[in-house]
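**Student:** predicted model and sequence follow; I will ask about them next.
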Amino acid sequence: GAKTAYEMIVTAFAEGNRKTLKNLLSREVHDSFVGVLNEREKNGEIIEFKFVGISKADILDAEMVSRNAQITLKFVSELISATRGKTGEVVEGDPKKVRDVTDIWTFSRDLSSRDPNWKLIATETAN
């Protein structure tokens with residue numbers, strides 16, 4: 001469920017896979033992510049990325065908002081990530097180092113909808 005969605009979203013974002021992101025994100029989060037992808041492309045930046053795994057996933061909150069079920073989770077994941085500039089130099093991250101990343105994400109699902117999928121509606125980086 002949530003762990004799979006987290007990995008899919010993080011990986012799709014690193015790869016610039018807009019089609020996958022569109023299906024998993026709310027319009028607001030999607031627009032924000034696409035803005036970052038557009039900026040990355042404009043700057044000629046390339047992401048080297050490897051998802052190592054999720055070491056922890058905790059539920060922080062769950063509530064009903066109108067017809068929408070919302071759940072907020074804290075993910076602690078391990079990944080390798082580096083951003084390379086136009087000439088191949090590393091401008092951010094380290095292509096050889098595994099780092100811990102802590103994210104707080106909120107997912108929502110309209111319970112009156114036939115669509116069983118949850119959408120990411122909010123993100124926060126905790127580290």
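**Tutor:** All right, it came through fine.

**Student:** every contact and neighbour count from this point should use C-alpha atoms.
**Tutor:** OK.

**Student:** those strands in the protein, which residues are they?
**Tutor:** Using DSSP state E, the strands of the chain run over 46-65, 68-84, 90-110, 119-125.

**Student:** quick one: which of the ones you listed is nearest residue 31?
**Tutor:** Residue 31 lies closest, by CA to CA, to one member of the strands of the chain: strand 119-125, at 11.2 Å.

**Student:** low-confidence ranges, the chain, go.
**Tutor:** Across the chain, the ranges flagged by pLDDT under 70 are 127.

**Student:** buried set for stretch 16-31?
**Tutor:** For stretch 16-31, burial by neighbour count (16 or more other CA atoms under 10 Å) applies to 16, 21-22, 24-26, 29-30.

**Student:** nearest to residue 64 among those?
**Tutor:** Nearest to residue 64, judged by CA to CA, of the buried residues of stretch 16-31 is residue 26 at 16.9 Å.

**Student:** give the contact list for the closest one.
**Tutor:** 119-121 (CA atoms under 8 Å, 6 or more residues apart in numbering).

**Student:** just give the closest residue to it, not the sequence neighbours.
**Tutor:** residue 121 (5.2 Å; CA to CA, 6 or more residues apart in numbering).

**Student:** now residue 20
**Tutor:** Nearest to residue 20 is residue 12, by CA to CA, 6+ apart, at 6.4 Å.

**Student:** and that neighbour, how close does it get to residue 37?
**Tutor:** 11 Å (CA to CA, to the nearest Å).

**Student:** isn't the residue nearest to residue 26 right next to residue 33, touching?
**Tutor:** No. Contact criterion CA atoms under 8 Å: residue 121 and residue 33 do not qualify, at 11.7 Å.

**Student:** more neighbours: which of the two?
**Tutor:** residue 121 (20 against 17; other CA atoms under 10 Å).

**Student:** got the phi and psi for the residue in the chain sticking out farthest from the centre?
**Tutor:** Distance from the centre of the chain peaks at residue 87, with 26.7 Å (CA atoms, centre = their mean). When read as degrees, to the nearest 10, the backbone of residue 87 gives phi -90, psi 10.
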